[in-house]
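[1] pasting the structure only:
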């Protein structure tokens, strides 16, 4: 049964796009193949067969756990745990390290969403560090002089695309509120990774592919090219990645705190860079030092839904607006709860078809109604209302795809009180599109490159947990690196609708809609597991399917993460991983779905809390992730 939280406190568009997007998708789909993995003896860490590398993808231990997309970032978090830090301290260290080893996916030039379970308070707290539009942002800033949408591959590399970053502020606030170590101590592993002569960082396959594609399509600005394609030659897998300017910036943060970034010399450099980013004959952005100084994170209570499964009854706690992830996951799970899916084989037509149709129902409402709740009256209670869920569930035909699942409903009819503000424009024609990780977009999905981000999760011996999804939006964000500072700036403002008039239109200080879904799950009132993923819109699908695998089909967390996934949001198109049986794909196509096979969907990181208190950490083998624990 879906339940809202009563205590709210609060990832042809261009002439080049066809070729470039096809290139990007080749590596965005990942390099690993999902394989099942068995449980491990307590206290052991296993190295799994991983086509993308040799990292530990499943580990079990009693004293803490870290799971991230990169082995050296995981090591940074484990080091903090081994030296007495807690889960929040470890998470901050992981984030700083990821800025060095995965600079194309996240960093201090971006933002995200973070959940913390405090064992002492027995409470889950959300730290919203989503980027905000600067005060000078305008609702039509992504339209040209003729009122036409600026092609995405142009607008995302423009200074106007850069939102005020929140990641560094989130790390600082979280550590001060829940941590046990000084922020400077948590930055130090990243300093050692970034500096020349430090802990050597080599370019992995994913980063190498990202560099090659972005050098080829002009997605990297000149400063970033000097780092990632010195002399014009893109760094390749196995090359050393030295980032002395980033090391200097991290030293400044280590020694002086976050002040220089939001109000001092680094802030001045960020603002100057954004304002001067005149590319593609467009003006730069208008972010100012005042915009940076005004920024703060929001401390909120996460929304929740319950799911009564055949294997487990769970309570899912995840983010509320401005991310759509929590509401759409909640609606999907609530719709599917009524089908008793465990009566079917997990890889059957009956399960996949119902999931696909539920995905489309959720995204139809998402794209019509959702936006930043500080600016828009969003019908979140109506979306999760039991009667509305039943109404939406009845739309699904058990045998065939139907256009009706791609039409939004009327959740305001089930929303308490009167609608006080929203102006959703007619987007039905636009609902045949998918977007990187925020807005509904206005062009064909095949013409827009997918966004990327990173998720990581930590746990400690006291039972504290962190689930944090962090991003700069596209690979390498806006492509703009702050000169002499070494970090990339996000392009999160492209998650707004480019056309004004809807609930996700651009407004000053507004947060763009996201799909990010860091999640902490409870069972019998106790922490049960954490999970999250990168992947833009597919974040929602990845998290939903993992939760179903655990709660409905009784899978271990490593099995749940490895299980083949499907993805569909709008239109008749469906993506299915190669593990989905061929005969089932044929059935889905015969039922009216347009299924294409892709290598991977999503890249989850998860920690499960066992009944004896041990942790099982899982790093999705769809990429070269790593789960490890303190010795």
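    That came through fine. On a predicted model such as this, the values are computed, not experimentally measured, just so you know. Numbers count the residues shown, from 1 in each chain.

[2] And the helices in the stretch 1-150 of the chain?
    17-28, 71-82, 87-101 (DSSP state H, counting those that start in this stretch).

[3] between the last one and helix 71-82, what angle do the directions make?
    Following axes from the mean of the first three to the mean of the last three C-alpha atoms, to 10 degrees, one obtains 150 degrees for the angle between helix 87-101 and helix 71-82.

[4] Which neighbouring elements make contact with helix 87-101?
    strand 64-68, helix 71-82, strand 111-118, helix 167-178, helix 183-194, helix 244-256, strand 454-460, strand 465-471 (3 or more C-beta pairs under 8 Å, 6 or more residues apart in numbering; DSSP states H and E). Every C-beta, even on glycine, is put in place using the N, C-alpha and C of the backbone.

[5] Tell me what angle that helix forms with helix 183-194.
    For helix 87-101 against helix 183-194, the angle by the same axes, to 10 degrees is 30 degrees.

[6] quick one: helix 87-101 to helix 244-256, angle?
    Using the same axes, to 10 degrees: helix 87-101 against helix 244-256 is 150 degrees.

[7] pLDDT on helix 87-101, on average?
    Averaged across helix 87-101, pLDDT comes to 98.

[8] repeat for the first one
    This predicted structure assigns helix 17-28 an average pLDDT of 32.

[9] count of neighbours near residue 616?
    23 (other C-beta atoms under 10 Å).

[10] Apologies, that question was intended for residue 594.
    Neighbour number of residue 594 under other C-beta under 10 Å is 13.

[11] What of the one 4 residues further on?
    Number of residues near residue 598 (other C-beta under 10 Å) recorded here: 16.

[12] Identify the bridge partners of it.
    Beta-bridge pairing for residue 598 (DSSP bridges): residue 577.

[13] Let's see the pLDDT reported for residue 430.
    32.

[14] can you give me the strands in the stretch 501-631 of the chain?
    Secondary structure of the stretch 501-631 of the chain (DSSP state E, counting those that start in this stretch): strands at 519-523, 526-532, 566-567, 573-577, 594-598, 605-609, 615-619, 626-628.

[15] Can you give me the neighbour number for residue 533?
    Count around residue 533 with other C-beta under 10 Å applied: 33.

[16] do the same with residue 177
    13.

[17] repeat for residue 63
    Count around residue 63 with other C-beta under 10 Å applied: 17.

[18] my read: it touches residue 461, true?
    Yes: with contacts counted by C-beta atoms under 8 Å, residue 63 reaches residue 461, the gap being 4.6 Å.

[19] any residues in contact with both of these two?
    Residues touching both residue 63 and residue 461 by C-beta atoms under 8 Å, 6 or more residues apart in numbering: residue 81.

[20] re earlier: switch the helices and strands packed on helix 87-101 over to CSV; also include distance to residue 601 and mean pLDDT.
    Formatted as CSV, the helices and strands packed on helix 87-101 follow (distance: least, C-beta to C-beta, whole Å; pLDDT from 0 to 100):
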stretch, distance to residue 601, mean pLDDT
strand 64-68, 19, 98
helix 71-82, 22, 97
strand 111-118, 20, 98
helix 167-178, 25, 98
helix 183-194, 30, 97
helix 244-256, 31, 97
strand 454-460, 14, 97
strand 465-471, 16, 97
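
[21] Residue 96: which of those is closest?
    Closest of the helices and strands packed on helix 87-101 to residue 96 is helix 183-194, at 3.7 Å (criterion: C-beta to C-beta).

[22] List the buried residues in the closest one.
    183, 185-194 (16 or more other C-beta atoms under 10 Å).

[23] List of residues touching it?
    72, 75-76, 79-80, 85, 89, 92-93, 96-97, 99-101, 171-172, 175-176, 179, 198-199, 201, 242-244, 246-247, 250-251, 253-255, 257-258, 486.

[24] For those residues, which PyMOL command selects only the ones that are buried?
    Applying 16+ other C-beta under 10 Å to these, the buried members can be selected in PyMOL as follows:
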select buried, resi 72+75+76+79+80+85+89+92+93+96+97+99+100+101+171+172+175+179+198+199+201+242+243+246+247+250+251+253+254+257+258+486
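
[25] For residue 400, see how far away residue 137 is.
    Distance check for residue 137 against residue 400: by C-beta to C-beta, to the nearest Å, it reads 44 Å.
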